[in-house]
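Visitor: Using only what follows, build the 3D model:
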Amino acid sequence: MPRPLIGISTYVEASTRYGVWDVPTVLTPTGYHRLVQAAGGAAVLLPPDEPEAAAEVLSRVDGLVIAGGPDVDPARYGAPRDPRTGPAATERDTWELALIRAALEADMPVLGICRGMQALNVALGGTLVQHIDGHSAGHGVMTWHPVTPVAGTRYGSLVPEESDVPTYHHQAVDRLGEGLVVSAHALDGTVEAIELPGEPWVVGVQWHPERGTDTRVMAGLVDAAGRVPVRVG
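Guide: Got it, this is the predicted structure:
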């Protein structure tokens, strides 16, 4: 039986040097596809496209991962820009929000990772805290800290114990999007996981599982993608 095919969002880096070339390149870190594969799925990368193409693109996959990355533009949730918020990634915001909305419309399993969790919250009408301290060591260095699951949630059933996770973020969920519930917290109360109860399987985690060795959350997505026939468009 074929492995569930999991689409992973990517982004355009304007200048990438390799060999004699310096050209725009579509990227996503290798940890994402390797985590999908380790969890029993097959991975395919989804380069940015017109937002109207999101449903067509998703019609070829069984599940969706929205990868980590830069801050979501606060204009997307109607907030003034904090000086500590990074520059807008307009093309990426547009594409990933379109992917999330198309996936939810199709009842497709979705996993949002770091920025991807924040984008999931924004796609459903939620807002973000634009700066917190203590969840990033800066300069690309991951911080590890414990997260505590909420009993009775999907995440809590996948990872029932407190666990240390690799994290790198300075923004977090503020007001929850429509239908979402919190399924894990950091010790300081920061929301570390969110989900939609019931079906479809929709989970967001604020940390970076692709930078660790725990495959349980990704295995949950792959399992859901293998069980639920998805029809998009």
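
Visitor: Please count neighbours and contacts with C-alpha atoms only from this point.
Guide: Will do.

Visitor: Show me what the top helix by length along the chain is packed up against.
Guide: Once the chain is assigned using DSSP state H, the helix that runs over the most residues is helix 90-105. The helices and strands touching helix 90-105, judged by 3 or more Cα pairs under 8 Å, 6 or more residues apart in numbering; DSSP states H and E, are helix 54-58, strand 63-66, strand 110-113, helix 115-123.

Visitor: Let me know which of the ones you listed is the nearest to residue 46.
Guide: Of all the helices and strands packed on helix 90-105, it is helix 54-58 that lies closest to residue 46, at 7.9 Å by Cα to Cα.

Visitor: ok so residue 7 is a strand residue?
Guide: Yes: counting by DSSP: H, G, I helix; E, B strand; the rest coil, residue 7 falls inside a strand.

Visitor: now the helices and strands packed on helix 90-105 in a markdown table, with mean pLDDT and distance to residue 147?
Guide: Converted to a markdown table, these look like this (pLDDT from 0 to 100; distance: least, Cα to Cα, whole Å):
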| stretch | mean pLDDT | distance to residue 147 |
| --- | --- | --- |
| helix 54-58 | 97 | 31 |
| strand 63-66 | 98 | 21 |
| strand 110-113 | 98 | 15 |
| helix 115-123 | 97 | 15 |
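
Visitor: if we can go back for a sec, the longest helix of the chain versus strand 5-9: what angle between them?
Guide: Per axes from the mean of the first three to the mean of the last three Cα atoms, to 10 degrees, the angle that helix 90-105 makes with strand 5-9 is 150 degrees.

Visitor: coming back round to it: the helices and strands packed on helix 90-105 into a markdown table, with extra columns for mean neighbour count and distance to residue 44?
Guide: Listed next are these as a markdown table, based on neighbours: other Cα atoms under 10 Å; distance: least, Cα to Cα, whole Å:
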| stretch | mean neighbour count | distance to residue 44 |
| --- | --- | --- |
| helix 54-58 | 19 | 11 |
| strand 63-66 | 28 | 10 |
| strand 110-113 | 28 | 14 |
| helix 115-123 | 27 | 17 |
